[in-house]
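Asker: I'd like to go over a predicted model; first the sequence, then the structure.
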Amino acid sequence: MNWNDKNIFITGVGGFAGSYLAEELLNQGANVFGLVRRRADGTKPKNLIDHGIQNDVTALEGDLTNITSLANALDESEPDYIFHLAAQSFVPRSFENSAETQIINCIGTSNLLEASRVKDTDAKIVFAGSSEEYGLVISSENQYESATKEYGTIFPKPETIPELPIKETNPLRPMSPYAVSKVYGDHLMQNYYHSYGLDTTVSRAFNHEGAGRGLMFVTSVVTNQIMKLKFGEIENITIGNLNAFRDWSHVKDIVQGYMTLATKGKSGEVYNQGSMRTNSVLSYILLGLEEAGWNIESAETFKGEKKISNPTESDNSSVYGVNFEKTVVDRMLLEGELEYTLSDQGINLETDKGQVKIQFNPDRFRPAEVPILFSNTEKIQKIGATIQHSLKDIVKDQLNFYLKKDNRQ
Ligand SMILES: Nc1nc2c(ncn2[C@@H]2O[C@H](COP(=O)(O)OP(=O)(O)O[C@H]3O[C@H](CO)[C@@H](O)[C@H](O)[C@@H]3O)[C@@H](O)[C@H]2O)c(=O)[nH]1
């Protein structure tokens, strides 16, 4: 695909993924326009400055909640492609202020589609849906039993268990106001294609990380703390639920996926984007520590229980019928041989540099959790998308980012 001189309009251009996408498109010769909220001090979004593209992106002042500003942005950018990435994207914040999330993510998406319809744009619209839409994915008979105890019989027993890896045809069982808002946007995109012929395609990206990832997301929470530990700025690591499994990709791979969807994604269709790996939050911490120079000999709870030797040893066994890169603790957590609860209080790691403590913080646990995300991405692979980065590549990029003192918080 030749992006040279194509007009691109990105909502969320100043966000984490938006700024990587803008940089890549500019490198390929596109004219990039971005929706940017007015700032009292006149400064540009930090992510654009960090990527050195603050003067290359044409900033169009506006806001998703203001449909007139969206209509103006469409007039000014005359887009060939629209990437709708802007959102309130932090799951815990959506529990604290649900209405804010729905206004930005639902009404904002509705406004963009309405403006596009009224302006009769023939631009291709790629929407950033989310793997969070799948929410509660059933991984075993036992988990189905405990899910029905916790949430009641809100959905029929799946015909096939485990429902993993997750395909686009998996049921959507959103577990947070954020996830609900993304289901709304996802369905509205499909509806505008079927009702009005708007050229929409939905990406359901699984978690994506890298240098500059917002500090509140778990991979940043972890790598920021590891570098602080390394420089003696803190004494232990504080974390929430480390049993959770996520399918972490490098943001650069997901950005390539967005571009593939723009050019080759079918209108009205939905595509997963992910790494086809799943790893625990605990593994992210352990691998991060190892990359930063600690050699981890064993892990046991503060109470001296659940001791695991060489927890980062790589495990090549197949889980859910798939072989992927994981650690021995990942395998044990996945197979139900191990689980950490709040009553364990934390984990002591014995390392070649002395003990490292991982302390559980009850405030970091969510009212409802998505226990596991693990993608099947065969559909997007068929149109050419690939994953180039390993989990360690992501960890390294994030550690390097926090090597710089100014980035640590
Ligand atoms: N943020 C955070 N999460 C923690 C912590 N401790 C444990 N976790 C667990 O780490 C997991 C990942 O949390 P986040 O990094 O906040 O991401 P997310 O909720 O999975 O959502 C991200 O990915 C989605 C795609 O799947 C995106 O749609 C969403 O916007 C966001 O980027 C969750 O299970 C969370 O409970 C902590 O201290 N902070």
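Answerer: Yep, that arrived.

Asker: which non-adjacent residue is nearest the residue of the stretch 301-409 of the chain found nearest the ligand?
Answerer: Residue nearest to the ligand within the stretch 301-409 of the chain (C-beta to the nearest ligand atom): R364, separated by 4.1 Å. Glycine gets a C-beta too; all of them are placed from N, C-alpha and C. Once flanking residues are discounted, R364 sits nearest to G240: 2.8 Å by C-beta to C-beta, 6 or more residues apart in numbering.

Asker: Show me the residue at the heart of the chain, geometrically.
Answerer: With distances taken as C-alpha atoms, centre = their mean, N207 lies nearest the centre of the chain, 2.6 Å away.

Asker: Kindly confirm my reading that T201 forms part of a strand.
Answerer: Yes. Assessed by DSSP: H, G, I helix; E, B strand; the rest coil, T201 belongs to a strand.

Asker: Now do the strands in the stretch 101-250 of the chain.
Answerer: Along the stretch 101-250 of the chain, the stretches classed as strands by DSSP state E, counting those that start in this stretch are 124-130, 200-205, 208-209, 237-239, 245-246, 249-250.

Asker: Of all those, which one comes closest to A179?
Answerer: strand 124-130 (6.9 Å; C-beta to C-beta).

Asker: Summarise which helices and strands the helix-or-strand element of the chain with minimal mean pLDDT is packed against.
Answerer: The weakest-scoring helix or strand in the chain, judged by mean pLDDT, DSSP states H and E, is helix 141-151 (a mean of 90). The contact analysis (3 or more C-beta pairs under 8 Å, 6 or more residues apart in numbering; DSSP states H and E) places helix 141-151 against no helix or strand.

Asker: re earlier: mean pLDDT added to the strands of the stretch 101-250 of the chain, as JSON lines?
Answerer: Formatted as JSON lines, these follow (pLDDT from 0 to 100):
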{"stretch": "strand 124-130", "mean pLDDT": "98"}
{"stretch": "strand 200-205", "mean pLDDT": "98"}
{"stretch": "strand 208-209", "mean pLDDT": "98"}
{"stretch": "strand 237-239", "mean pLDDT": "98"}
{"stretch": "strand 245-246", "mean pLDDT": "98"}
{"stretch": "strand 249-250", "mean pLDDT": "98"}
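
Asker: Looking at those strands, which is nearest to the ligand?
Answerer: Closest approach to the ligand among the strands of the stretch 101-250 of the chain is made by strand 124-130 (3.2 Å; C-beta to the nearest ligand atom).

Asker: what about stretch 268-277, start to end distance?
Answerer: Stretch 268-277 has an end-to-end distance of 27 Å (C-alpha to C-alpha, to the nearest Å).

Asker: Quick check: mean pLDDT of that stretch?
Answerer: Stretch 268-277 carries an average pLDDT of 98.

Asker: and that stretch, how far from the chain's centre?
Answerer: 12 Å (C-alpha atoms, centre = their mean, to the nearest Å).
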